[in-house]
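In: coords below, sequence missing:
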């Protein structure tokens, strides 16, 4: 177990290192941030000063090692646009994204998993076919389009909900969240539904596939031969078996939603990290991009680790070993 | 006295796109308490479907279209789904072929067994685990308490099959159906389990239907034998009668192709052809195209001939030697 954790951390370090090089070089190739930031009327002297201030006159490899050195000292750098520390910037945006993602994965699981179970339990019923048809829509219709439709319907036409932005926040335990106010919920519910549709479709299909497979499994037949009622077979025998693939995908989806809720955040003007990264890319705010992506990699590695630990808990045949 | 299990005219059909297929065709047999009946046939002969039909576990598109299944004199087919569920495990138990697949891999043996106990009897989990322990001891599992805490993958194949048999025994059912229960095991383990099953039948008085394709196995275990071919029972009698003096050409062919019963050094005879597709059965006797004794008469439905309790479904049965 300890060997396994050490292996995992080593793996994470390598991934973060490789990723940082790719991002650094990639962002360098996109363009010169000075051109975007500076007033075109500025003198050559101001321009030169600014370039030197940001270290952009150095060769790329030296810029990279300066960056790595700073990171190792816990300094992810300063945003060129906001002129504040990147860490502070990301963490000021993170609660907004976290609450949005939390609400959306909850909606997706609470609706998606039971719907998938039912669709797999009675695959020939009309309800099951309807569920499957909707799940296809869920992950094939573009998010931004559904988002705009939602705004048209509920904000513009009906006027029930605000069209975008984050609502009032209130203190909850250690941080300020909009989930602690009614106004906050009114703001979060529409983007959260929008963000949940893709995940819901995925969970439905995954749960259904697992359920259909399990219903034909010998252990289910054997359980029926013992006289167990179907309800007990589904909840005591099947659910645990099919939760393994569901949790894998759930973990990956959680990570990518946290990192890249960009489209929904843009459509609903939600001040989260997705919006931050898109703005940074447009403004070539290199320190924000690189540091943010490094954090995303760490996030993914952590989620994968947690998924692995849950695996070992759910399936007694899984043994966590060191190395790979 | 009424038989523990009596099956009368059981017919199970599968409505497929290519038309209805009769997997079990007018099958009748009975098993007394403490007796073991061997249900023998090739793959696709309908023997497993017969077992599942008795259990009421035929899923769509299959359905039982006719017949009666009497357990201790009560017709199971007259029961509602819910009443039938309550019979399963309590009055009729079943053991399956592959012990690797029949136990849930992610639940402890004890939890699975306790679930099977408590579904029919109201009791605490610890009392149920105690019942489970007793059942494991009955089938000869050493240190049963530790086994209850194990996961299925931590047990050997023979051990797992013993667990499955113990689970079938939990409520002392009147009838146990064992579908190829030792086929997946090593020969030595097979022998042990067969001996234990024989002892269980004698001790508990359960009527056992032993479904297998392996005539050599049943010969040492069972009291009576039914030979199935293409959904029908073609020969029925005591084990001595059927094995010693087979009258149906199909039974004869099966017996001749058992290596251990055959003189060494000579080529092993085999039945030509393969099991017919149920959707395209020939007219009359379904064994006709493969039968060495077939004549034109065999294109008409074969008669049932009974001599001294040995019944055979054939126009030209072999003479009793």
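Out: Okay, I see it. Being a predicted model, the structure only gives us computed values, none of them experimental. Residues are numbered from 1 along each chain as shown, chains lettered A, B, ... in the order given.

In: which of the three states applies to residue B:267?
Out: coil (DSSP: H, G, I helix; E, B strand; the rest coil).

In: for residue B:256, see how far away it is.
Out: Going from residue B:267 to residue B:256 by C-beta to C-beta, to the nearest Å gives 11 Å. C-beta coordinates here come from the backbone N, C-alpha and C atoms, glycine included.

In: which one of those two has more residues nearby?
Out: More neighbours surround residue B:256 than the other of residue B:267 and residue B:256, with 14 against 6 (other C-beta atoms under 10 Å in any protein chain shown).

In: double-check the more buried one against residue B:269; I have them as touching.
Out: Yes - counting by C-beta atoms under 8 Å, residue B:269 is a contact partner of residue B:256 at 4.5 Å.

In: which parts of the stretch 151-300 of chain B are helices?
Out: Ranges of helices in the stretch 151-300 of chain B, per DSSP state H, counting those that start in this stretch, are B:157-169, B:187-204, B:215-221, B:239, B:249-256.

In: now swap in chain A and tell me
Out: Taking DSSP state H as the test, the helices found in chain A are A:2-30, A:33-37, A:44-53, A:60-72, A:86-121, A:126-140, A:143-150, A:182-215, A:218-225, A:230-232, A:239-259, A:262-267, A:273-282, A:286-314.

In: tabulate those helices in TSV, adding columns for mean pLDDT and distance to residue B:231.
Out: Shown next, in TSV, are the helices of chain A (pLDDT from 0 to 100; distance: least, C-beta to C-beta, whole Å):
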stretch	mean pLDDT	distance to residue B:231
helix A:2-30	82	54
helix A:33-37	72	79
helix A:44-53	79	88
helix A:60-72	82	74
helix A:86-121	89	30
helix A:126-140	89	32
helix A:143-150	87	54
helix A:182-215	89	26
helix A:218-225	90	21
helix A:230-232	90	29
helix A:239-259	85	34
helix A:262-267	85	59
helix A:273-282	84	63
helix A:286-314	83	42
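
In: ok, which of those helices comes nearest residue B:201?
Out: The minimum distance between residue B:201 and those falls on helix A:218-225, with 18.7 Å, by C-beta to C-beta.

In: returning to what we had before: mind putting the helices of chain A into a markdown table with distance to chain B and mean neighbour count?
Out: Shown next, in a markdown table, are the helices of chain A (distance: least, C-beta to the nearest C-beta, whole Å; neighbours: other C-beta atoms under 10 Å in any protein chain shown):
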| stretch | distance to chain B | mean neighbour count |
| --- | --- | --- |
| helix A:2-30 | 20 | 14 |
| helix A:33-37 | 53 | 15 |
| helix A:44-53 | 59 | 12 |
| helix A:60-72 | 42 | 13 |
| helix A:86-121 | 13 | 20 |
| helix A:126-140 | 14 | 15 |
| helix A:143-150 | 35 | 16 |
| helix A:182-215 | 9 | 22 |
| helix A:218-225 | 4 | 23 |
| helix A:230-232 | 7 | 13 |
| helix A:239-259 | 5 | 19 |
| helix A:262-267 | 36 | 22 |
| helix A:273-282 | 37 | 20 |
| helix A:286-314 | 6 | 18 |
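
In: of the ones you listed, which approaches residue B:108 most closely?
Out: Evaluated with C-beta to C-beta, the helices of chain A place helix A:239-259 nearest to residue B:108, the distance being 11.6 Å.

In: so what touches that closest one?
Out: Contacts to helix A:239-259, defined as C-beta atoms under 8 Å, 6 or more residues apart in numbering or on different chains, come from residues A:97-98, A:101, A:104-105, A:109, A:113, A:117, A:195, A:199, A:202-203, A:206-207, A:210-211, A:213-214, A:217, A:273-274, A:296, A:299-300, A:303-304, A:306-307, A:310-311, A:314-315, B:104-107.

In: so stretch B:118-132, near chain A or not?
Out: Yes - interface with chain A: stretch B:118-132 contributes B:119, B:120 (C-beta under 8 Å from any C-beta of the partner chain).

In: likewise for stretch B:180-189?
Out: No - Stretch B:180-189 lies out of reach of chain A by C-beta under 8 Å from any C-beta, never closer than 11.3 Å.

In: pLDDT on that stretch, on average?
Out: Per-residue pLDDT over stretch B:180-189 has a mean of 80.

In: list the buried residues in it.
Out: Using 16 or more other C-beta atoms under 10 Å in any protein chain shown as the test for burial, stretch B:180-189 gives B:180, B:181, B:182, B:184, B:185, B:189.

In: now that stretch, how far from the chain's geometric center?
Out: Distance, stretch centre to chain centre, for stretch B:180-189: 14 Å (C-alpha atoms, centre = their mean, to the nearest Å).

In: enumerate the residues of the stretch 1-150 of chain B near chain A.
Out: B:55, B:57, B:85-90, B:93-94, B:96, B:98, B:101-107, B:115-116, B:119-120.

In: okay, and which of those map to helices?
Out: Short answer: those in helices (DSSP H) are B:55, B:85, B:86, B:87, B:101, B:102, B:115, B:116.

In: ok, of these, which come out buried?
Out: B:55, B:85, B:86, B:87, B:101, B:102, B:115, B:116.

In: turn the ones in helices among the residues of the stretch 1-150 of chain B next to chain A into CSV, including pLDDT.
Out: Output for these, formatted as CSV (pLDDT from 0 to 100):
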residue, pLDDT
B:55, 91
B:85, 91
B:86, 90
B:87, 90
B:101, 84
B:102, 89
B:115, 92
B:116, 91
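
In: farthest-separated two in those residues?
Out: Maximum distance among those (C-beta to C-beta): 25.3 Å, for B:86 and B:101.

In: contact partners for the most centrally placed residue in chain B?
Out: By C-alpha atoms, centre = their mean, chain B has its centre lying nearest to residue B:211, at 2.5 Å. By C-beta under 8 Å, 6+ apart, the residues touching residue B:211 are B:39, B:47, B:48, B:50, B:51, B:177, B:178, B:179, B:180.

In: one more: residue B:162?
Out: Counting by C-beta under 8 Å, 6+ apart, residue B:162 touches B:136, B:139, B:140, B:141, B:193, B:196.

In: cool, and residue A:33?
Out: Residue A:33 touches A:54, A:56, A:80, A:283, A:284, A:285, A:286, counting by C-beta under 8 Å, 6+ apart.

In: 10 Å instead, please
Out: A:27, A:50, A:51, A:54, A:56, A:80, A:81, A:283, A:284, A:285, A:286, A:287 (C-beta atoms under 10 Å, 6 or more residues apart in numbering or on different chains).

In: now, which of the residues you listed sits nearest residue B:64?
Out: Nearest to residue B:64 among the contacts of residue A:33: residue A:27, at 69.8 Å, using C-beta to C-beta.

In: is it correct that that closest one is in contact with residue A:286?
Out: Yes - in terms of C-beta atoms under 10 Å, residue A:27 counts as a neighbour of residue A:286; the distance is 5.0 Å.

In: shared neighbours of the two, anything?
Out: With C-beta under 10 Å, 6+ apart as the test, residue A:27 and residue A:286 both reach A:33, A:280.

In: if we can go back for a sec, as TSV, the helices of chain A with distance to residue B:156 would be great.
Out: Listed next are the helices of chain A as TSV, based on distance: least, C-beta to C-beta, whole Å:
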stretch	distance to residue B:156
helix A:2-30	28
helix A:33-37	66
helix A:44-53	72
helix A:60-72	53
helix A:86-121	33
helix A:126-140	40
helix A:143-150	52
helix A:182-215	25
helix A:218-225	18
helix A:230-232	28
helix A:239-259	22
helix A:262-267	53
helix A:273-282	53
helix A:286-314	23
